[in-house]
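Just to be clear, the model below is a prediction. Sequence and coordinates:
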Amino acid sequence: MKKIILSFLLLMLTQLTHADLNLFVCEPEWAALATELGGDNIEVSSATNALQDPHYIQARPSLISKMGRADLIVCSGAQLEIGWLPMLLRKANNPDILPGSPGFLEASRYVKRLDVTLDSDRSQGDVHPQGNPHIQTNPHNMLLVAVAMTERMVQLDAANADVYQQNLSSFHERWTLAIATWEKQASVLRGKRVIAHHKSWRYLEDWLGLTEVATLEPVSGIPPTASHLASLLNRFGDKGADFIIRAPFQSEKASNWLSERTGIPAVLLPLTVGGTDEASDLFKWFDDIINRLLTAGDL
Amino acid sequence: MRTMTLGVLWVCLISSTTPLLAQSESELDALRAEIAQMRADYESRIAQLEQRLDEAENKAAGQQTPSPSPPPKVAPASQPNQWAAETYAGQTKTSGDNTSNPAIGVIFQGQAWSYGDDPDDYEIPGFPLGGEAGPLPEGLALGETEINISANVDDKFTAWLTVPIAIEDSEVVVELEEAWIETMTMPGGLSLRMGRFYSNIGYLNDKHSHSWDFTDQPLPYQAFLGGQYLDDGLQLRWLVPTDFYLELGAEVTRGDKYPAGGSANSGVGSYALHLRSGGDVGFSNSWQAGLSYLQADADDRESGDEDDPLVFNGQTDLWIAEFVWKWAPNGNSKQRNFIFQTEYMWRNEDGAYTLPETGPLPYDTNQQGWYLQAVYQPIPRWRIGLRYDRLSSDDPGRAFDGTPLMPSSHDPYRYSVMADWSNSEFSRLRLQYTHDEAGFASDNQWGLQYIFSIGAHGAHSF
């Protein structure tokens, strides 16, 4: 009996995958970025997909085993994953990826965080005192994280350092050019007023000069309520805003309710790669965000 | 070589700008100027990266035993970047209000329960209850107020403390529920926990009461584990490095708490093993299954009526099979989700019972228990659940006729229905109805419960 168990275990051990660098990321945008930078030298899996709210998943078994085998973890941080990442880290028994080690990259540390507050109280909802964690919707931030990610890849897999740096160069060139194009296309959006379902778009707004005038959630993390929607209807009934935006994993009911009564267009925007059919890679993701806003605003 | 790469990239860049030629010259000039600036910025970064690479290569070549190098500081860009973190130190400071203080959370629980019969007379024939098992107090009552404190000790150890404050017979009782230290950096996927902890057997055993889907524990936990098995000792866990989740665990504990008792074997009274696996089926489904074994020695273990206890000397062998299935469309459980959960327990107790009016009577009996439950969240914040739990016992022998160890003619069972509402993930209000055919001939129980948490963010465990 013992022999059978032992040989079973050995069989499983020999089936381990052997990429040069094994990445585990919390959100799909970091998987897409890692693939740009690591190419064939890395294997990457994401804890969440574009249709999941990254704040609310559970530390499920498949994630524990993936984290146990990872060389590098990339997560947005700023408490976005606070409900499940500490639990996963504790269960994964992997000393290489603990916070503070080279194998743990908190992406939001490399960008200017917005809405950092020392004066937080949960009566304002599930606010993150370390700042808004949804940093990915400003493409400049992707570039900053790309540099940080490449540094870690070089540090952890020096044999492929040249490849990672070439990939970074290539990505840097293509991305800066793309940013220039997006900024040009989106210049007409400057000053537009948005009502967001959740404060998921602060960095997009900051980048494009949009003004967030309200959220559908009464306070952060609490689903829209009838009384709050009624007050929004009161405030914005005479088209006091230009867009009502939401992510794919947020219910369309509240958006549509307010849109039908105010005439303000309700827009679904991909919050990450894969959030819509069109947003199939990093570049097309921002193409799609801007396209959807321009189309909805008839601009 | 690198200069050449740069050249090639520059050519690519120029060629990729050709579609823009249709646009006006002035716009193009502006774009070119912008790109030139970005290029200057980027070349300085490449130089920095090259230098770091050389350092890394020298290090890799020169070192026999690689030691972890400190995480690199990103060199500031030659042009100030308005989107970058101004200084890492500054940004860390904003998140550092509890960097060396432990995370502290407090969970408030309370309930109001109503019974048809007097819960003080509650007993399940054939299954004398031990440990913390038993009905909730009747009427308005405070549940456990639980204080959780946790922090990393240093780079190798992390610590956890759970101190519930409970009211027992109008007295305030401060208990020590969990107090453990765990390793973080053991190699080979291993970790060692030491101290007082909930055993990792079964699915529900190590879940704190505020995360249960029903207010009380199902019957097999009450009958076989005294509610939850908690003891002092060591726990070793091994996450097997496979493509799928497989965890093995072993525990050695003092054997002081029900179903162990009396710290037998010179204070090494019980041991436990568990094996657990799980995975995903598509994006919407995930599951976990496990098998656990607990062997506990009982040395003058008391159960049943506190004033006239039954005293057991002998050994308990307990097997637990667990299975949990969770579903949420695309794994987005905040909107809608469904949980199916079941556990089966088999127990043998072999030894001798001493009853208040008898000498030791030999006892060797097999018993079983199981429950099935399903919880569905149809819309955000609202959940409904259904649970069925049941016990069965072999006949312990004629010597136990008329004693609390003789099971009744029908198997004890209950069914429960609950509905709960959670304003946020930090608050929950629950209504539960239980039809009990276990302790009484037949009893209908109604209850309301609240659970609130402040402070440290709770964990979303599977």
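Nice, I can see it. Numbers count the residues shown, from 1 in each chain, chains lettered A, B, ... in the order given.

Just the element for the closest residue to chain A within the stretch 201-350 of chain B, please.
For the stretch 201-350 of chain B and chain A, the shortest gap (Cβ to the nearest Cβ) falls at B:Gly278, measuring 2.8 Å. Bear in mind the C-beta positions are built from the backbone N, C-alpha and C, glycine included. Assigned by DSSP states H and E, B:Gly278 falls within strand B:270-281.

Give me the pLDDT for residue 223.
Since you didn't name a chain, this refers to chain A. Note on A:Pro223: pLDDT of 91.

actually it's chain B I care about, not the one you picked
96.

now swap in B:Ala264 and tell me
For B:Ala264, the model assigns a pLDDT of 85.

who's in contact with it?
B:Ala264 makes contacts with B:Gly255, B:Asp297, B:Ala298, B:Asp299, as judged by Cβ atoms under 8 Å, 6 or more residues apart in numbering or on different chains.

domain ranges for chain A?
Using automatic domain parsing, the domains assigned to chain A come out as A:18-181, A:188-296.

ok, is the shortest one in contact with chain B or not?
It stands for domain A:188-296. Yes - contact of domain A:188-296 with chain B (Cβ under 8 Å from any Cβ of the partner chain) involves A:Gly221, A:Ile222, A:Pro223, A:Phe249, A:Ser251.

Of those residues, which is the most crowded?
Counting neighbours by other Cβ atoms under 10 Å in any protein chain shown, the top entry in the residues of domain A:188-296 next to chain B is A:Phe249, with 24 neighbours.

name the element that residue belongs to?
Per DSSP H and E: nothing holds A:Phe249, as it lies in no helix or strand.

Where do the helices of the stretch 1-150 of chain A begin and end?
Using DSSP state H, counting those that start in this stretch, the helices of the stretch 1-150 of chain A run over A:2-14, A:28-38, A:61-68, A:85-92, A:139-156.

Only the C-alpha atoms, please, for the strand holding B:Gly278, written as CSV.
What follows is strand B:270-281, C-alpha atoms only, in CSV (Å, rounded to 0.1, in the frame of the first residue of the first chain):
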residue,chain,number,x,y,z
SER,B,270,-4.2,12.2,20.1
TYR,B,271,-3.0,12.4,16.6
ALA,B,272,-4.7,13.3,13.3
LEU,B,273,-4.1,13.0,9.6
HIS,B,274,-5.7,14.7,6.7
LEU,B,275,-5.5,14.6,2.9
ARG,B,276,-7.3,17.2,0.8
SER,B,277,-7.5,17.9,-2.9
GLY,B,278,-9.6,20.2,-5.0
GLY,B,279,-9.7,22.0,-8.3
ASP,B,280,-11.8,24.0,-10.8
VAL,B,281,-14.2,22.9,-13.4
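
what's the next secondary structure element after that strand?
Immediately after strand B:270-281, counting by DSSP H and E, sits strand B:285-303.

How many residues are close by the nearest residue to B:Pro128 once chain neighbours are set aside?
Counting by Cβ to Cβ, 6 or more residues apart in numbering or on different chains, B:Gly304 is the residue found nearest to B:Pro128 once chain neighbours are left out, at 3.5 Å. The local packing of B:Gly304 (other Cβ under 10 Å) involves 21 other residues.

Might you report the residue contacts of B:Gly304?
The contact partners of B:Gly304, by Cβ under 8 Å, 6+ apart, come to B:Glu123, B:Pro128, B:Leu129, B:Gly130, B:Leu310, B:Pro404.

Okay, now the unreliable bits of the stretch 51-200 of chain B?
Along the stretch 51-200 of chain B, the model assigns pLDDT under 70 to residues B:52-80, B:86-99.

Please report phi then psi for A:Arg261.
Backbone torsions of A:Arg261, given as degrees, to the nearest 10, read phi -90, psi -20.

any idea how far chain B is from the closest residue to it other than its chain neighbours?
In space, A:Arg261 comes closest to A:Leu233 once its chain neighbours are excluded; the distance is 5.5 Å by Cβ to Cβ, 6+ apart. As judged by Cβ to the nearest Cβ, to the nearest Å, A:Leu233 and chain B stand 21 Å apart.

Toward the C-terminus from the host helix or strand of A:Leu233, list the very next helix or strand.
A:Leu233 is located in helix A:226-236, with elements delineated by DSSP H and E. Going down the chain from helix A:226-236, the next helix or strand is strand A:243-246, by DSSP H and E.
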